[in-house]
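K.L.:
Mind looking at a prediction? Sequence and model below.
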Amino acid sequence: EDVRTWIQRIELLFDLADYTKFKWIKLTALHLTDHALCWYNANKNKFHDWDVFCQMLIKQYSANPTPATTTSQTIQVDDNNLTIPRQNDLLVTEIPTIRQNHSSTNLLNKELSFTDSLNKPSSSTKFSNSSSTKDFFTTMVEHKMKQLPTFSGKDSEKVQDWLENIKQIGKMVNWTAEQLSCIATLKLEGDAQKWYLKNQDKILDWDSFHRLLSQRFPAQIPNQREQLRQLVSRKQGLNETISKYYRDILNLCDQYDPNMLDSSKIGYLQDGLRPELQHYTLSQQISTPQQFFNIMQQHETIQGKL
């Protein structure tokens, strides 16, 4: 595993935990041991931001691998000497594995050492018994689990949107198809949960779960008259940003007519603008919705500076 992969995994974990980026460097100290931790404490004031920190690591480990017997190495960065730790002092944690046993799940937490892949045929794995690290990642996974939406089979719920939401979150945390179907069943409520309990023997994997649930709770046939009413009545709020207004109008356009022409979308976008902005946009040469957004966002930015 190279340094870029290590950084990406750390970034994914911090992002899943909803930590703000300015905290990432300090949180990285949780994944350093021995010489690396000493190095961090000695040099932490030299890291101006996360990008600088990552660039220094990438520069060191991509081009100048440190021998396994060496405790540290000094490189020149922006006229400042920076001590870099050994690779096997850097730890990264995998996303926990989730397995289903009908009515329960087991979260298995493990840590992978970031080993010197440049000097060895393959990276090695080592397990850590650090209770603080395990607690940290268990909390993180529980937090993400709570954010997953539930589905009960009500008419107001859209099963395809719910399944897609589950699928996208699964991609973020690298769940397998088996893990994905396991987690999805845990988020069922009401009629949907009753249906699952009666039919769980038929559900073999994510694909069968997706197909059978969609068949049991099909999407309601859309009322085009109501969709058009919502589209026509959608107006930009007094303090609403162009970005939010633009997204909502395009979503309503897609719901009403997935094949709507750009010229029609632009018309709806212009009609719903605040009166003082309608005159400005009508004076512009706009041929695509994206062009509308770019022009109006630039205008919004300029007005905000006045």
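P.N.:
Looks like it came in fine.

K.L.:
which stretches of this protein have low pLDDT?
P.N.:
1-3, 16-18, 29, 32-39, 59-146, 172-173, 222 (pLDDT under 70).

K.L.:
Which stretches in it count as helices?
P.N.:
Along the chain, counting by DSSP state H, helices occupy 3-16, 24-28, 34-43, 50-63, 131-147, 159-172, 177-186, 190-199, 206-216, 224-233, 242-256, 262-271, 275-282, 289-305.

K.L.:
Tell me which of those is the most buried.
P.N.:
Counting by mean count of other Cβ atoms under 10 Å, helix 177-186 has the highest mean neighbour count of the helices of the chain, with a mean of 19. Using the backbone N, CA and C atoms, a C-beta is placed for each residue, glycine as well.

K.L.:
Counting by contacts, list what that one packs against.
P.N.:
strand 97-100, strand 105-108, helix 159-172, helix 206-216 (3 or more Cβ pairs under 8 Å, 6 or more residues apart in numbering; DSSP states H and E).

K.L.:
Give me the domain ranges for this protein.
P.N.:
3-91, 148-216, 224-301 (automatic domain parsing).

K.L.:
sorry, back to before: determine which of the helices and strands packed on helix 177-186 approaches Gln270 most closely.
P.N.:
The minimum distance between Gln270 and those falls on helix 159-172, with 28.4 Å, by Cβ to Cβ.

K.L.:
for the helices of the chain, which one sits closest to Gly153?
P.N.:
Taking those one by one with Cβ to Cβ, helix 190-199 is closest: 4.0 Å.

K.L.:
And the contacts of that closest one?
P.N.:
When contacts are defined by Cβ atoms under 8 Å, 6 or more residues apart in numbering, helix 190-199 is touched by residues Phe151, Ser152, Gly153, Lys154, Thr185, Leu188, Ile203, Leu212, Leu213, Arg216, Phe217.

K.L.:
Could you check how far the fourth one is from Asp262?
P.N.:
Which is Lys154. From Lys154 over to Asp262 the distance is 35 Å, taken as Cβ to Cβ, to the nearest Å.

K.L.:
What residues does the closest residue to Met296 other than its chain neighbours make contact with?
P.N.:
Counting by Cβ to Cβ, 6 or more residues apart in numbering, Ile242 is the residue found nearest to Met296 once chain neighbours are left out, at 4.6 Å. By Cβ under 8 Å, 6+ apart, the residues touching Ile242 are Gln236, Phe293, Met296, Gln297, Glu300.

K.L.:
Alpha carbons of stretch 269-287, as CSV, please.
P.N.:
Output of stretch 269-287 as CSV, limited to C-alpha atoms (Å, rounded to 0.1, in the frame of the first residue of the first chain):
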residue,chain,number,x,y,z
LEU,A,269,-35.5,29.1,-14.2
GLN,A,270,-36.1,32.6,-15.4
ASP,A,271,-39.8,32.8,-14.5
GLY,A,272,-39.1,31.8,-10.9
LEU,A,273,-36.4,34.3,-10.2
ARG,A,274,-36.8,37.3,-7.9
PRO,A,275,-38.2,40.2,-10.0
GLU,A,276,-34.9,42.3,-9.7
LEU,A,277,-33.0,39.3,-11.2
GLN,A,278,-35.4,38.6,-14.0
HIS,A,279,-34.5,41.7,-15.9
TYR,A,280,-30.8,40.9,-15.6
THR,A,281,-31.1,37.4,-16.9
LEU,A,282,-33.4,38.3,-19.8
SER,A,283,-30.6,40.7,-21.0
GLN,A,284,-28.1,37.8,-21.2
GLN,A,285,-27.6,35.3,-24.1
ILE,A,286,-28.3,32.0,-22.4
SER,A,287,-28.5,28.7,-24.3
